[in-house]
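A.B. asks: Generate coordinates for the sequence data below:
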Amino acid sequence: MQDVKALIDKLDKENALSLDEWEELIRGRCDQVAEYAAEIARQRSKEIFGNRIYTRGLIEISNYCKNNCYYCGIRRDNRQVERYRLSREDILSCADIGEELGFRTFVLQGGEDAYYTDQVMCDLIREIKERHPNCAITLSLGERSEESYRLMREAGADRYLLRHETADKDHYKSLHPQEMDFDHRIQCLYTLKDLGYQVGCGFMVGSRGQTPHTLAKDMVFIQNLQPAMVGIGPFVPHHETPLKDQAQGTVEETLYLISLLRLLQPKLLLPATTALGTIDPRGREKGILAGANVVMPNLSPISVRKQYELYDNKICTGDEAAECRHCLGNRMQSIGYELVVDRGDAPV
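C.D. replies: Sure thing, here's the model as predicted:
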């Protein structure tokens, strides 16, 4: 255990480890080691962000998707999903409500849906920016061309979230159909960074075929990419996917990795994800206490939330946006933190 704690101290001091060191650190998790890492991670987070927790207003614009990822509930071949697209007016209304409730970042998230062309997205981005000039726009729309990313950036998009899912090519192939290309996904992240987006990546904890070695590769990839944000959450199976019988990821491993990410990049924007809250009633609070500093309440219309089911038993599908934010505010206060009205840009 002392060797593992020494690696945590090294990570805290140098903000980098070798692949072998990462693997040893990940393999060495136990309750005492995890609490040691969480204690330092909390301290580093508070040094930079105080007790301030940033909010992102999530607007799930479409559950159509051309892809067939083996783990995802809105995959193309799931015929049981009731598909929807939010209209321009719906999306603008969500943003209007969101700013009134204190949100200063809107996350437009959806499957890879060809309906949302560059023109549709750029017009929408410009209108949101016009109505809400003090707010940031984050996009999470999957893999697109460099030209598409450039046009949306020029229209006013500030950030882009694209989970890399895994930094191991063989592991990636075990989670995705043949037509999806690992190298292209990774290149998209570097392209987004080159275009000036605040970039977010991430992965599922406990996905099929994941090992301490593949997780170590994830950490080295993040170490090299230096993203503004990393979103990780436990793998939660969906009953209409090929991985429906796969065991879900654990809270304990997810929290440990959140702590290690905080030590790797102390200024990182690090969400306590909805998936964490889905498998543990206090999962998001535990995420904050492990070093996270972002929560993402849902601004989508209640009428469509159950259709945007990436995994089973997703929480907060029936709460009004105001209720959701109020509930999260109370949850954060219960552990000594506060939700703030702030864009929550990545510290330079």
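
A.B. asks: Can you list the low-confidence ranges for the stretch 1-150 of the chain?
C.D. replies: Filtered on pLDDT under 70, the stretch 1-150 of the chain yields no residues whatsoever.

A.B. asks: need the helices for it, in chain order.
C.D. replies: With DSSP state H, counting those that start in this stretch as the criterion, the stretch 1-150 of the chain has helices at 2-14, 19-27, 31-49, 88-101, 118-131, 146-155.

A.B. asks: how about those helices in TSV, adding distance to residue 257?
C.D. replies: In this view, the C-beta of every residue, glycine as well, is placed from N, C-alpha and C. Converted to TSV, these look like this (distance: least, CB to CB, whole Å):
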stretch	distance to residue 257
helix 2-14	12
helix 19-27	8
helix 31-49	9
helix 88-101	29
helix 118-131	32
helix 146-155	28
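
A.B. asks: tally of neighbours for the closest residue to residue 151 other than its chain neighbours?
C.D. replies: Nearest-residue entry for residue 151: residue 118, 4.9 Å, with adjacent residues in sequence omitted and distances by CB to CB, 6 or more residues apart in numbering. Here the number of neighbours of residue 118 (other CB atoms under 10 Å) works out to 16.

A.B. asks: Who is the most centrally placed residue in the chain paired with across the strands?
C.D. replies: Centroid check for the chain by CA atoms, centre = their mean gives residue 231 as the closest residue, at 3.0 Å. Here residue 231 sits in beta bridges with residue 202, as judged by DSSP bridges.

A.B. asks: quick one: it and residue 161 touch, right?
C.D. replies: Yes. Here residue 231 reaches residue 161: they are 6.5 Å apart, a contact under CB atoms under 8 Å.

A.B. asks: Overlap of the contact sets of the two?
C.D. replies: Common contact partners of residue 231 and residue 161 (CB atoms under 8 Å, 6 or more residues apart in numbering): 200-202.

A.B. asks: now those in TSV, with neighbour count and distance to residue 221?
C.D. replies: Below are those laid out as TSV (neighbours: other CB atoms under 10 Å; distance: CB to CB, whole Å):
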residue	neighbour count	distance to residue 221
200	27	13
201	27	8
202	22	11
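
A.B. asks: for residue 15, what are its contacts?
C.D. replies: So residue 15 contacts 263-266 (CB under 8 Å, 6+ apart).
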